[in-house]
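J.: Sequence and predicted structure are below.
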Amino acid sequence: MLTLRNHTAWPVRFHTRSGVLTVTRERDAFELDFPARPPQPCETPVELLPALGLDTAQVMRSRDYLVVVDDAKQVRALSPDIAALAKLDIGIGGTIVTAPGEAGVDYVCRFFAPAIGIAEDPATGSIHCTLAPYWAGRLGKHTLRAQQLSARGGSMQCKIAGDRVKIVGEARLYLQGTIAL
C-alpha cells in the first residue's frame, strides 16, 4: 500500500494512459506533472450552452469542452441542467466553464461531467491541462493562480513547463485501500 501523506521517497511516479504522472511534495502541497492538452477550435454542440444556462460563450475542445465566459460572476452563478449535460455526447470528458479571475486569481472555473457520473467535481486537477495553456497564452504568463468555484472549491497554482503542466495544490484523502493482484 502506498500512502502519499507519509511517503518519504519523493518524487513518486505512476504509469497512466497519459504516460508517467509524477507527484512531488512541496511543503504541505503536492505538485502533479501532467501533459498539456491545449484546447482547439470546434463546433459548439447546439445543446451545450442552453444546458449550461448561457446565451453566448466561446467554446473550444480538448478532452473536455472548454466554455469561456466574460466574468467570474457568471461562472459562480451557473446552475446547469445536469440531465441535459448528461445527454451530450462528450465522450470521456466533461465541460469546463472558465472566466478571468479576480482578487489575485488569474482564472476561475467549474467542471461538470454527468455523462461519466460526476455532476460537478469540486476540485479537478486534470482540467488545468487545458485551462493553464489557454490562460497562459491569453495572459502571457507561465505561472497562474486558479480557483475552482464549486460549493467546496479549490485553489491551485499551475506552471507551464514546455508541453507539461505542473499543478500545485493541497490534497485531501479520497481513497485508501489495498489492491491484490
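T.: Nice, I can see it.
J.: Which positions in the lengthiest helix in the chain come out as buried?
T.: Identified as the longest helix of the chain according to DSSP state H is helix 128-139. Using 16 or more other C-beta atoms under 10 Å as the test for burial, helix 128-139 gives 128, 129, 130, 131, 132, 133, 134, 135, 136. Just so you know, the C-beta spots here come from the backbone N, C-alpha and C atoms, and that holds for glycine as well.
J.: Apart from its chain neighbours, what residue comes closest to the third one?
T.: Counting by C-beta to C-beta, 6 or more residues apart in numbering, residue 130 lies nearest to residue 62, which is 4.4 Å off, once chain neighbours are set aside.
J.: Kindly provide the distance from the one you found to residue 93.
T.: The spacing between residue 62 and residue 93, counted by C-beta to C-beta, to the nearest Å, is 8 Å.
J.: Go through the helix or strand hosting residue 75 and flag the buried ones.
T.: Using DSSP states H and E, residue 75 maps to helix 72-77. The neighbour-count check on helix 72-77 (16+ other C-beta under 10 Å) flags 72, 74, 75 as buried.
J.: Doesn't residue 84 lie inside a helix?
T.: Yes. Per DSSP: H, G, I helix; E, B strand; the rest coil, residue 84 lies within a helix segment.
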